[in-house]
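Student: 3D, please:
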Amino acid sequence: MNLPIEIDAHGLHKIQTNNLNAAFIDVRMPWEVAQAPAGDSPNIPLNQLPQHLNELPEADHLVIICAHGNRSLMAAHWLRQNGFETAQSLMGGMASWRRFEEMAA
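Tutor: Here you go, the predicted model:
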């Protein structure tokens, strides 16, 4: 499967609407997650990813989430280099997802 390294909020919405095989990993720090949770996504801070590779789910879309998309993009690149070919960064992070949800409401 040759997925783009980034997925935007519209693409993520399509994945969720169509119930595609997707898993989410939140790479923000625990205090950030406490302020603005991303559903029930597991929280593995970016600097702890290497220690948790064996815990990551296999999915057609492994969507990595952070606040604004920078850390998730680094994580997606790193994960792809380490065998997770379906890793994708949520472009713009939680900020873009919140804007998308507000516009859709």
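
Student: CA atoms for contacts and neighbours, from now on please.
Tutor: Will do.

Student: show me what contacts the nearest residue to residue 33 once chain neighbours are set aside?
Tutor: Spatial nearest neighbour of residue 33, excluding adjacent residues (C-alpha to C-alpha, 6 or more residues apart in numbering): residue 43 at 7.6 Å. By C-alpha atoms under 8 Å, 6 or more residues apart in numbering, residue 43 lies in contact with 25-30, 33.

Student: I'd like the distance between residue 2 and residue 88.
Tutor: 11 Å (C-alpha to C-alpha, to the nearest Å).

Student: more neighbours, these two?
Tutor: Applying other C-alpha atoms under 10 Å to residue 2 and residue 88 shows that residue 88 carries more neighbours, namely 26 against 6.

Student: check for me that that one belongs to a strand.
Tutor: Yes: under DSSP: H, G, I helix; E, B strand; the rest coil, residue 88 falls within a strand.

Student: check what pLDDT it gets.
Tutor: Looking at residue 88, its pLDDT is 97.
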